[in-house]
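In: Next come a sequence and a model predicted from it.
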Amino acid sequence: MLRVSYAPKPEYANPGGAVMGGLVAAFLDDCMGPLIVAATGAETFPVTLDLHTT
């Protein structure tokens, strides 16, 4: 299990106060790499070619 947290700065929020989706997607992408490395015992180092979120 990999646990991560992020406390965004107010300037990363949209006018409604929610964190912008692109920032969330980048954060998730940054978390998935170390998780795959840890899960494979450092035998796999992933590269994101395409990332879709909804």
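Out: Everything's here; your move.

In: can you count the residues close to Asp30?
Out: 12 (other C-beta atoms under 10 Å). Placement of C-beta: from N, CA and C, glycine included.

In: For it, which three-state class applies?
Out: Counting by DSSP: H, G, I helix; E, B strand; the rest coil, the backbone at Asp30 sits in helix.

In: do you know how far it is from Gly16?
Out: Using C-beta to C-beta, to the nearest Å, one gets 24 Å for the distance from Asp30 to Gly16.

In: Leu23 now?
Out: Taken as C-beta to C-beta, the span from Leu23 to Gly16 is 14 Å.

In: just Ala7 next, same as before
Out: 18 Å.

In: about what we covered before: who has more neighbours, Leu23 and Gly16?
Out: Leu23 (14 against 5).

In: Now the phi/psi pair for the nearest residue to that one once chain neighbours are set aside, please.
Out: Among residues not flanking Leu23 along the chain, Tyr12 sits closest, at 5.3 Å (C-beta to C-beta, 6 or more residues apart in numbering). When read as degrees, to the nearest 10, the backbone of Tyr12 gives phi -90, psi 10.

In: Need the per-residue pLDDT for the residue nearest the centre of the chain.
Out: Here the mean C-alpha position of the chain is nearest to the C-alpha of Leu28 (C-alpha atoms, centre = their mean), at a distance of 1.7 Å. Leu28 carries a pLDDT score of 84 in this model.
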